[in-house]
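Visitor: Sequence and predicted structure below; questions after.
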Amino acid sequence: MVRIELKWKSRALYFCCALMLISPAWAQAPLAESGESFPPVPKASELLRGPLEEVGQAVASINPSHWRASGEVKVATQQNVDSIQKDLSATLPGLLAQADHAPSSVAAVFPVYRNIDALYDVLLRITQTASTSAPATEVSRLSSALEHLENGRTHLAETILATSKNTESRLASLQAAVQKAAAQAAPPKTVVVDNGPAKATVRHKKKASATSNNNPSTQQSAQPQQP
C-alpha cells in the first residue's frame, strides 16, 4: 500500500475553477505579472456606425419601380431593399448592443460579423442590378455604400482576429501563472510504503570446531579410569 500526500493539487484545482467563474472582464485587463498589455478593443458599433448609416440612406434614396428592368427584377430588388431596412432597424441594433457589452468576447461579436456579411451580399445584388438599370445618382450612392460597408466588415474581421489572438495569449499566461503558483505552494511529498510484516531472523548454530574434537585431553577425560 502506497499513500502519497498531494493536498496541493486540490488547492490548484480549486484555484483554476475560481478563475473560470470570474467575469470575462479579465480578458480586457493587462497582465502585470507577465508584462503583457494590449490596446483596448474597439466596439463593433464604432466600426460600423458610419457604413451602416450610409447603407440606410442609400437604399432609402432608390426607387426600383422606376428602373429600366423587368417587373420580376423590380419586385426582387424591392424585396431586397425591404430586407436591408428591416435588418438595420430590427436585427442589427440588438446584435450590436450585445457585442458592445462584451467587445473582447468573440462569441458576442461574431454574430455581428455574420450579419454584416449577409447584408453585404444583399447590397451587392442590388448594386449590380442598379448598374444596368438605375439612374447614375442611385448607382453612385449604392456603390459608395457598398465600398464603405466592405471596409467596415474588413475592420471588424481584423478586430475579431486580433482579439482572439490576445485572448489566447492571456489564457496561456494565466495557465503558466497557475502552474507556477501550484509548484511554489507544493509541500514535499510524503511516501509511506507498507510491505507487510518483517521477516523473522533465522540464526544458525555454529558447528563445533575441529580443534576441540581432536584435543587429546578432551578424549582422555572422556574414557573411564581402570583400577
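Guide: Sure, I can see it. Residues are numbered from 1 along each chain as shown.

Visitor: low pLDDT regions in the protein?
Guide: For the chain, the stretches flagged by pLDDT under 70 are 1-38, 169-170, 172-173, 186-227.

Visitor: can you rerun that using 90?
Guide: Along the chain, segments meeting pLDDT under 90 span 1-41, 104, 163-227.

Visitor: the longest helix in it is where?
Guide: Looking across the chain with DSSP state H, the single longest helix is helix 136-185.

Visitor: Remind me what it packs against, helices and strands.
Guide: Packing partners of helix 136-185 (3 or more C-beta pairs under 8 Å, 6 or more residues apart in numbering; DSSP states H and E): helix 7-21, helix 44-61, helix 106-133. (C-beta placed from N, C-alpha, C; glycine too.)

Visitor: what's the closest of these to Ala183?
Guide: Nearest of the helices and strands packed on helix 136-185 to Ala183, taken as C-beta to C-beta: helix 7-21 at 8.8 Å.

Visitor: Ser45 touches Asp100, doesn't it?
Guide: Yes: between Ser45 and Asp100 there is a contact at 5.3 Å, judged by C-beta atoms under 8 Å.

Visitor: can you dump the C-alpha coordinates of stretch 180-187 into PDB?
Guide: Extracted C-alpha coordinates of stretch 180-187, given in PDB (Å, rounded to 0.1, in the frame of the first residue of the first chain):
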ATOM      1  CA  LYS A 180       4.000  28.400 -11.100                       C
ATOM      2  CA  ALA A 181       1.800  29.100  -8.100                       C
ATOM      3  CA  ALA A 182       1.000  25.500  -7.600                       C
ATOM      4  CA  ALA A 183       4.600  24.500  -7.900                       C
ATOM      5  CA  GLN A 184       5.600  27.000  -5.300                       C
ATOM      6  CA  ALA A 185       2.900  26.000  -2.900                       C
ATOM      7  CA  ALA A 186       3.500  22.300  -3.200                       C
ATOM      8  CA  PRO A 187       4.800  20.700   0.100                       C
END
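
Visitor: Give the buried residues for stretch 67-85.
Guide: Neighbour counts over stretch 67-85 (16 or more other C-beta atoms under 10 Å) mark Trp67, Ala69, Lys74, Ala76, Thr77, Gln78, Asn80, Val81, Ser83, Ile84 as buried.
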